[in-house]
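> Need a 3D model of the sequence below.
(one chain, ligands or ions: 1)
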Amino acid sequence: MPHGPARGGPTEDEDWLPTNLAEPRSSGGTLLKDLWTGTVPYAFFPGFLDASECSEVVEALERAPMTTFKSGDAYVSSLGVYLPDAVDDPNAYFARAAELEPAIASVLKLEGGDVRDRIRLMFESRLNRRVVAATNPDGREYGQGSLRIHGPGAGSSVHRDVAAVDAAGWNVASLDAQFSAVLMLQPPQAGGELVVYRQRWQPSDDAEFKNKGAKGWDPRVVQGAQSASYSAAAGDLYVFNPTQYHEVPATSGDSGRVSMQFFMAFDLDGNGPVVTLS
Ligand SMILES: O=C(O)CCC(=O)C(=O)O
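Just a heads-up that it's a prediction; the model follows:
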């Protein structure tokens with residue numbers, strides 16, 4: 001079952017241990033495979049940004065053109081496109097991605113450079129692969145990061161993200177593996193941790209467990225599955241395999257959960273680049 005860890009640290013079942021990307025041995029070259037096959041539940045880089053860098057981004061976000069929507073009784077605001085919500089209209093997706101990119105770049109530009117470039121560079125050194133922005137065949141760039149504020153009471157129900165299925169027909173869907181990367185910029189007072197289940201989605205799950213007319217799957221789909229949770233502190237970066245069921249329990253407290261998310265897609269075998277998109 002998920003644990004309720006102290007903020008700022010991983011909690012995991014004994015035999016399902018995450019990889020710490022800040023440790024030198026994490027660059028051993030098996031990270032892609034370990035995460036993809038589920039040998040490790042997630043990888044994390046504690047303190048990838050320092051506290052003042054996080055505050056700078058959170059303050060800049062307050063002046064940015066965010067879109068707010070209601071999720072149950074709570075509010076979620078976002079800046080940036082999110083492919084799973086836009087798969088039906090590629091032209092609108094790419095136009096919106098280009099329109100929002102200057103605002104995102106301005107929020108994420110710090111003295112040490114664009115936060116996204118710093119993340120790509122870090123992953124390049126750990127993965128021994130190039131990590132570059134995804135483009136479609138006509139050269140248009142996919143969205144490069146979705147900044148989100150989960151207001152009090154907001155979270156994400158049990159779900160999975162499978163580009164090969166959800167984004168069928170898009171060029172990134174032909175890559176055989178994908179991860180989600182999340183940078184925590186401001187944790188909530190409570191809740192809002194990542195919970196990953198050691199169970200991949202199967203198409204046959206949907207008939208019984210897919211919520212009708214609402215996002216997500218009935219939590220009974222992961223009943224009894226092993227899980228690991230990560231209660232990220234400000235500045236922590238983590239990456240996991242989103243084809244495994246995962247959820248973010250509702251936040252509580254007045255301050256929102258502020259994070260930046262993007263996907264990483266790649267072919268497991270071979271030396272092609274890992275591409276980033278949101
Ligand atoms: O914000 C998180 O920790 C997880 C985000 C998520 O559910 C996803 O990337 O699919």
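
> and the residue of the chain found nearest the ligand, what element?
Among all residues of the chain, residue 180 sits closest to the ligand, at 3.6 Å; criterion: C-beta to the nearest ligand atom. C-betas here are computed from N, CA, C, even on glycine. Per DSSP states H and E, residue 180 falls inside strand 177-186.

> ok so, going back, model confidence at the closest residue in space to the residue of the chain closest to the ligand that isn't next to it in sequence, what's the number?
Excluding the flanking residues, the one nearest residue 180 by C-beta to C-beta, 6 or more residues apart in numbering is residue 242, at 4.2 Å. Listed pLDDT for residue 242 reads 97.

> cool, residue 73 as well?
For residue 73, the model assigns a pLDDT of 88.

> Need the contact partners of the longest helix along the chain.
The single longest helix within the chain, with elements called by DSSP state H, is helix 90-108. Residues outside helix 90-108 that contact it (C-beta atoms under 8 Å, 6 or more residues apart in numbering) are 57, 60-61, 64-65, 79-81, 83, 86-87, 114-116, 136, 140-145, 147, 170, 260.

> Go through it and flag the buried ones.
Buried residues in helix 90-108, defined by neighbour count with 16 or more other C-beta atoms under 10 Å: 93, 94, 97, 100, 101, 103, 104, 107, 108.

> Can you get me a residue count around residue 32?
By other C-beta atoms under 10 Å, 21 other residues sit near residue 32.

> where do the strands sit along the stretch 151-278 of the chain?
Ranges of strands in the stretch 151-278 of the chain, per DSSP state E, counting those that start in this stretch, are 156-159, 177-186, 194-200, 227-231, 237-240, 244-248, 257-266, 274-277.

> what's residue 88 sitting at in phi/psi?
Taking degrees, to the nearest 10, you get phi -80, psi -10 for the backbone angles of residue 88.

> quick one: residue 91 and residue 137, what's the gap?
Distance from residue 91 to residue 137, counting by C-beta to C-beta, to the nearest Å: 14 Å.

> Show me where the stretch 1-150 of the chain has its helices.
Listed in chain order, the helices found in the stretch 1-150 of the chain under DSSP state H, counting those that start in this stretch are 31-37, 51-62, 90-108, 115-127.

> Can you say which of those helices is nearest to residue 221?
Smallest distance to residue 221 across these (C-beta to C-beta): 20.5 Å, for helix 31-37.

> Determine if any part of that closest one is in contact with the ligand.
No: if you take C-beta under 6 Å from any ligand atom as the test, helix 31-37 misses the ligand, and the best it gets is 13.6 Å.

> What residues sit buried inside stretch 109-122?
Judged by neighbour count using 16+ other C-beta under 10 Å, the buried positions of stretch 109-122 are 109, 110, 114, 115, 116, 118, 119, 120, 122.

> Make TSV from those and add distance to the ligand to it.
As requested, those are arranged in TSV below (distance: C-beta to the nearest ligand atom, whole Å):
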residue	distance to the ligand
109	22
110	21
114	20
115	16
116	15
118	19
119	14
120	17
122	18
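
> what residues does the stretch 101-250 of the chain put near the ligand?
Counting by C-beta under 6 Å from any ligand atom, the positions of the stretch 101-250 of the chain adjacent to the ligand are 156, 161, 180, 182, 194, 242, 246, 248.

> Does the second one touch residue 265 like I think?
No: taking C-beta atoms under 8 Å as the contact criterion, residue 161 and residue 265 are not neighbours in contact, 10.7 Å apart.

> okay, and the common contacts of the two?
Common contacts of residue 161 and residue 265 (C-beta under 8 Å, 6+ apart): residue 178.

> Tell me which of the two has more neighbours.
residue 265 (23 against 20).

> returning to what we had before: for the buried residues of stretch 109-122, which one is nearest residue 50?
Ranked by distance to residue 50 (C-beta to C-beta), the buried residues of stretch 109-122 are led by residue 110 at 9.9 Å.

> which one is residue 256 nearest to, not counting chain neighbours?
Closest residue in space to residue 256, ignoring its immediate chain neighbours: residue 149 at 4.3 Å, by C-beta to C-beta, 6+ apart.

> Make a ChimeraX selection of the buried ones in the residues of the stretch 101-250 of the chain next to the ligand.
To isolate the buried ones among these in ChimeraX, judged by 16+ other C-beta under 10 Å, type:
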select :156,161,180,182,194,242,246,248
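
> Reformat the residues of the stretch 101-250 of the chain next to the ligand into JSON lines and put distance to residue 128 next to each item.
Formatted as JSON lines, those follow (distance: C-beta to C-beta, whole Å):
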{"residue": "156", "distance to residue 128": "31"}
{"residue": "161", "distance to residue 128": "25"}
{"residue": "180", "distance to residue 128": "21"}
{"residue": "182", "distance to residue 128": "22"}
{"residue": "194", "distance to residue 128": "25"}
{"residue": "242", "distance to residue 128": "22"}
{"residue": "246", "distance to residue 128": "26"}
{"residue": "248", "distance to residue 128": "30"}
